[in-house]
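Engineer: Just the structure for this:
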Amino acid sequence: MSSSPACCRSSSAGSSPPFIAQYVLGNADTPTPSHRVAALAADLATPVAQHRHTTPVGLRRELRGDLDWIVLKAIDRDRRRRYETANALGVDLQRHLDDKPVVARPPTALYTAGKFVRRHRLGVSVLATAAAALVVLVTGIARERNRAELAGAKARAISTFLEDMLKSADPWQGGARQTTVVEALRAGVSRVDEGAIRDPLVAASIRRTIGAVYLGLGRADDADTLLRAALTERIARTGPSSQETAESYADLGWLYREQGKFDSAGPVYERALAIRRRLGGAGDTLVAASLLDLSRLALDRGEFPRADSIAHQALEMFRTAYGNRHASLAAAMGDIVSAQLSLGRWKEAEATAREAIALLRAVGLDRSAPAVAIMNDLALSLNYQKKLPEALRAMHEVVALDSALFGPVHPQLASHLENLGFVYFTSGFYDSNTVLLKQALAMRRAVLADDNPAIGRSLFNVASTEYAQGNYAAAQPLFEEALVRMRRALGPEHTDVVWATASLGRNQALLGRKVEAERNLRWALNVKDPDGRLGPQDFARIAGAMVTLLVDGRRWAEAEPLALRVLAIRDSMGDTLARKAAAQLAVLYEGWGKADRAGEYRRLGAGR
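Structural biologist: As a prediction, the model looks like this:
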């Protein structure tokens, strides 16, 4: 085109362009709800947003779109473009509430499709889950077929079985329109059990692949029998040291991790690694995959430096094998991000996460389940750095993608709902956090075994919210139940158990139960920690509570070295709480009758 559209050209007569043109061009003077919020001063915008349980940025984002377009149409200078009646305006507002396309807005294909997805979240999420599950299933079958190139009969049997199984969900092939992926998988398992597959190794491969799909769908109990049967058959048919057996050992380790049985996962992961090293050599990519399994187990067990080290080994092996552009590199980076995050290296975690997401985007996987997990850690790194609006946007995107990938009820979605709640908690929106935590707890109770440690973590998070709001009596039984569950599942010296014990102690101190509080705080501080599971910031938080307890008991000599250590940690990290630590020392020395030292630390705190 040789000229600009009329609505976008400058006007030599000085007249203003129509409101809609102003809005499309992003003119901040356009009188729309989102622009009005953007123009408010911070002291006015924040209370308005908080009243609606969001932030000023979030409120503007919610208003920008349908509501802006509706207002533009209602106040258009040209009467012919306004709503004809008040009823027409009301009908369009109702269409917005019903997630239908509004009359005021241009009906682009992307906009209309987005509205359809919002109106049919469950159906779309089921389809997305089905697609993801079938991709995993087809990939697994394809891998088995490649390994069986010389056994054409085996490959044809697997393909035929897959095709027949999927027909049960295809109405054009005589299947039922409402058949779900889970129902199709169960039907497939029944056919295998009934002897439809004569070759035992083919049957084992199909059981293994369907079991892996069940795990991906968060159905560990359904996967259990299938994966164990596949392992038994493979050992019997191919021997205890074959690649097929190693794969099944790795699957069993994954199953144990999903069940929270971390002590059981370690030996089978190590067995898989040993077989792969013996068969493929130290640089084989399957060896790297086993190392990633072990790094994830180390993360589960709170062994963060070990996880970081193992993931870096795997990353270099993948880079040697594939170069710098492969999804496997991003998988290793994802484990490194998780370790950095847990070790308090938040800026490093942010940088690594962004690099991994960029790599996945380059290979077309930026909306995959692994990408969502890395986006979750990116959002948490932003939250810890107090980049709260960006963290909130990122975590909302994570939860939306979870719902599309996994459906409305899934352990992964529960974890990320909790993390979204954590961002709200950091932002001071405790009510929104509580709603999300309770939703995540209910979801975990529905899909996980009662002894799974994730349920204990959910209870701990609810307790922490009560504690932060000063509801110490309400927090106490929640902390106690969470600690019992976590200690039973994770062992007494896991990072989460140490922190839960310390949190219980801090809560007991505020309830006046000082003997119990001191016992729990002292135990947490004295845990021997060769793997660095208790980071310096967490140690300083626990030690600060212990110092307060000792000062209240006038035990100055015991409190002094601990208080000095807290100040040193805070100061070395450039922590804003260093001022509070200095003030705590001033109170200690003043009570001890050492006025000069008290004045010294009072001045030190004031100067920070």
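Engineer: Quick one: residues contacting residue 222.
Structural biologist: Contact analysis of residue 222 by C-beta atoms under 8 Å, 6 or more residues apart in numbering lists 182, 185, 211, 214. No exception for glycine: its C-beta is placed from N, CA and C like everyone else's.
Engineer: contacting residues for the nearest residue to the second one once chain neighbours are set aside?
Structural biologist: Yep, that's residue 185 we're talking about. Closest residue to residue 185 apart from its sequence neighbours, by C-beta to C-beta, 6 or more residues apart in numbering: residue 210 at 5.3 Å. Residue 210 sits next to 137, 185, 188-189, 226 when contact means C-beta under 8 Å, 6+ apart.
Engineer: just the buried members of those?
Structural biologist: Buried by 16 or more other C-beta atoms under 10 Å: 137, 185, 188-189, 226, out of the contacts of residue 210.
Engineer: from the residues you listed, which ones fall inside helices?
Structural biologist: Those of the buried ones among the contacts of residue 210 mapping onto helices are 137, 185, 188-189, 226, per DSSP state H.
Engineer: for those residues, which one is nearest residue 311?
Structural biologist: residue 137 (27.5 Å; C-beta to C-beta).
Engineer: Find me the pLDDT at the closest one, would you?
Structural biologist: Residue 137 is assigned 54 on the pLDDT scale.
Engineer: Could you shift the numbering so residue one becomes 59, and keep it that way?
Structural biologist: Okay, using 59 as the starting number, the last item reads as residue 195.
Engineer: Does residue 318 touch residue 512 like I think?
Structural biologist: Yes: taking contacts as C-beta atoms under 8 Å, residue 318 lies within contact range of residue 512: 6.8 Å.
Engineer: shared neighbours, those two?
Structural biologist: residue 506.
Engineer: average pLDDT for stretch 641-651?
Structural biologist: 92.
Engineer: Just the helices from the stretch 209-358 of the chain, written as ranges.
Structural biologist: Using DSSP state H, counting those that start in this stretch, the helices found in the stretch 209-358 of the chain span residues 210-225, 239-251, 258-274, 278-296, 301-316, 320-338, 343-358.
Engineer: swap in the stretch 409-558 of the chain?
Structural biologist: Remark: helices assigned in the stretch 409-558 of the chain by DSSP H, counting those that start in this stretch are 427-442, 446-464, 469-484, 488-505, 511-526, 530-548, 553-568.
Engineer: could you dump the ones you listed to CSV with distance to residue 294, mean pLDDT and mean neighbour count?
Structural biologist: Formatted as CSV, these follow (distance: least, C-beta to C-beta, whole Å; pLDDT from 0 to 100; neighbours: other C-beta atoms under 10 Å):
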stretch, distance to residue 294, mean pLDDT, mean neighbour count
helix 427-442, 33, 94, 23
helix 446-464, 35, 92, 20
helix 469-484, 32, 92, 23
helix 488-505, 33, 90, 18
helix 511-526, 34, 92, 23
helix 530-548, 33, 94, 19
helix 553-568, 39, 92, 23
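Engineer: show me what contacts the residue nearest to residue 312 when sequence neighbours are not counted?
Structural biologist: The shortest distance from residue 312 to any non-neighbouring residue, by C-beta to C-beta, 6+ apart, is to residue 273 (6.1 Å). Residue 273 sits next to 281, 285, 309, 312-313, 316 when contact means C-beta under 8 Å, 6+ apart.
Engineer: Kindly report the same for residue 457.
Structural biologist: Listed by C-beta under 8 Å, 6+ apart, the contact set of residue 457 reads 471, 474-475, 478.
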